[in-house]
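# next input, structure requested:
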Amino acid sequence: MEKEKKLLIPVIGFLTSMAIFAGSVFANTAPSPSQNETSVLAVQNQYLENLAYSIGVQAYIYGYPLLEMAKTMQRTSKNVPLNTFVHARNLKDDTFRDVVQPNNDTLYSSSWLDLSKGPIVLSVPNVNGRYYSFQFMDMYTNSFHYVGTRTTGTKAGKYVIVGPNWKGKINKNSKVIKTPTNMVWLLGRTLVDGEKDLSTVHAIQNKYTLTPYDKKQSRPSLNLPTILESDYNDPVRYFGIMTQLMKLYPAPARDAAMLSQFKLIGIDPNKGFETSQDPSIMAGLGRGLIDAQDIIAKSLSIVGKTNNFWTEYYDVGTYDTNYLTRAVVARYGLGANIPKEAIYPFTQIDSNGNPLSGEQKYIIHFDKNHLPPVNAFWSLSMYGSDFFFVNNPINRFSIGDRTKGLKYNADGSLDIYIQNAVPVGHESNWLPSPKNHFVLSLRMYMPKQTLLDGAYQIPKVQIQF
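Residues are numbered from 1 along each chain as shown. Got it, this is the predicted structure:
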C-alpha cells in the first residue's frame, strides 16, 4: 500500500493545484512554501481522504447488489442444498412479512445454482398453456435469460445450464444456457388461480427438476462468511466481503475501468481488501459508506417515471453500467423482472394528487378498449403503507382479469371499487382498502408493445361521488 500511496502523491499534487476535490467540497488552497512539512502532509492526507471518499461511494454502490444476492442466498438456502428447488406452496396473505409487495398471482420456485463443478439440467413439464417463467439472474442481478411461456412456450423441455468457464462437451442437440457467473439465482413463477388451483400447481412444481449433467460431478460447497446487517456499516467487513465475492464471481469486462479506480484505494478482487490502509483512506471510506447508503435509499425516483400519477419502471432487470439503478432495485425490488416479462407500476395518490386513504371511496374505470394491454394476465394489488397485504373481511388482496365473478359494464368497460366499506351492489368488483393510507400496484405480465413503449396510460384513481 505504501508504494501505491507514493504513486498517488502526483495525483494529489495535481488535485491540489487545480483545487479539485473528489466527493466533498474542500476549499483550501495549496500549501505555501513557507508552511512546514507537517502542514503539507496534513493537506495531502486530506486530499487522499477525499479521493478515498469519492471512490468509496462508487465502490459501495457497485458492490451492494453482490452482497444483497449473497445474503439472500444464505437466507433462502439455509436449509436447502445448492442446486435444489424450494417451492412456495401457499398463496400470500396479510400474515406474510418476508418480502415487500408480495403477489397473489403466482407460486414461486427458487434455487441457487452453483455451476463451479459442472452443468445442471433444468427439466420442465408441459404446463398445458398455463403461464410460467424461470428467470435467470447472475450475481450482479442481471436477468440474462428466461425459460417459460413468453420465450420457450408451455411444452415440456430440458435445458443444460453451463457456467462461464466450463470446457466440457455438451450433446449438440441440447438446449444450452451459458451463464455469466458460476452462481445463478433461478426464480420460477407459476400462475395460480386461487385456492382451488393450488393442488394443480403443486403437481406442476413437483415436475420442475434440477439434475447434474454428469452424475459424477462433485457436490458444490461455498465458503463465504455469514453476511450480517452490521457488515453494511463496516468498511473493512463490507469491502472485504465484496472483494471475496468478486473473486468468486468476476465482473464483466465492461466494468474494467470502474474496477481500476477501486484498486487505487485497496479494493482489489484479486488481492482482497487491504485492511492495513492509510488512516486517511479509511476515514474517506467511512464517510463514503454512510453517504452511499443514503444515496441508494433516496434514489428510487430516478429508477421510475411518473405516468398519469402511476410510477412505472422500465430500466430494470438488466443494467449494463447503470450501477446506481442496479443498487436501488437490489434494495427495493431484488429479483425484478425485465419489462418484457412483467411491469409493476404503483401509485399512492389519487387524481387530485392527494394520498390514497381508506377515508375515501375510489373507483378505477377501464374503457372497453383500454384494459391493461397484456398477453398473459393482469391484477391490481392492495398494500398498506408498509407495502404488505392488508387484512380484510373477504380475504381479497388483489383483483384482476381472472377474478371469479368480476362484472363488466354493458359497454364492455370495467369499474373497480376501492374502499374500506362494502360497495353495496358492486361487491364482485370490490378491492377492500384499509382505513388509513394505502398503495396500489398493477401487475401486468407479458405486456404488449403499447405498454412497453409507454403509450398506454393507466387510468387515474378517482374519488367516487
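# for the record, mean pLDDT for stretch 113-127?
Taken as a whole, stretch 113-127 has a mean pLDDT of 97.
# buried set for it?
Buried residues in stretch 113-127, defined by neighbour count with 16 or more other CB atoms under 10 Å: 113-122, 124-125, 127. In short, each C-beta sits where N, CA and C put it, glycine included.
# same check, this time on stretch 332-350
332-339, 341-350.
# need the residue closest to the centroid of this protein.
For the chain, the residue nearest the mean C-alpha position is residue 334 (2.4 Å; CA atoms, centre = their mean).
# look up how far residue 133 lies from that one.
Computed as CB to CB, to the nearest Å, the residue 334 to residue 133 distance reads 17 Å.
# which residues touch residue 189?
Residue 189 sits next to 106, 107, 108, 109, 132, 133, 135 when contact means CB atoms under 8 Å, 6 or more residues apart in numbering.
# what about the helix or strand that it is a member of, average pLDDT?
In this structure, residue 189 sits in strand 183-191 according to DSSP states H and E. Throughout strand 183-191, pLDDT has a mean value of 97.
# name every strand pairing with it and say which way it goes.
Next to strand 183-191 in the sheet, as set by DSSP bridges, lie strand 106-114 (antiparallel), strand 132-137 (antiparallel).
# related to what we said a few turns ago, now the two most distant members of the buried residues of stretch 113-127.
The span of the buried residues of stretch 113-127, defined through CB to CB, is set by 116 and 127 at 30.7 Å.
# counting contacts, what elements does the following helix or strand past the strand holding residue 189 pack onto?
Next along the chain after strand 183-191, taking DSSP H and E as the criterion, comes helix 198-206. Helix 198-206 sits against strand 86-87, strand 106-114, strand 183-191, with contacts defined as 3 or more CB pairs under 8 Å, 6 or more residues apart in numbering; DSSP states H and E.
# list every C-alpha atom in the last one, with coordinates, as CSV.
Output in CSV follows, covering the C-alpha atoms of strand 183-191 (Å, rounded to 0.1, in the frame of the first residue of the first chain):
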residue,chain,number,x,y,z
MET,A,183,-23.7,-18.7,-9.2
VAL,A,184,-27.2,-18.1,-10.6
TRP,A,185,-30.5,-17.4,-8.9
LEU,A,186,-33.1,-19.4,-10.7
LEU,A,187,-36.5,-17.9,-9.8
GLY,A,188,-39.6,-19.5,-11.1
ARG,A,189,-43.2,-18.2,-11.2
THR,A,190,-46.2,-20.4,-11.9
LEU,A,191,-49.7,-18.9,-12.4
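# so it versus helix 198-206, what angle?
Angle of strand 183-191 versus helix 198-206, following axes from the mean of the first three to the mean of the last three CA atoms, to 10 degrees, is 150 degrees.
# sorry, back to before: now the strands paired with strand 183-191 as CSV including distance to residue 319?
Converted to CSV, the strands paired with strand 183-191 look like this (distance: least, CB to CB, whole Å):
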stretch, distance to residue 319
strand 106-114, 20
strand 132-137, 11
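# for this structure, give me the ranges with low pLDDT.
Applying pLDDT under 70 to the chain flags the ranges 1-38, 40-43, 276.
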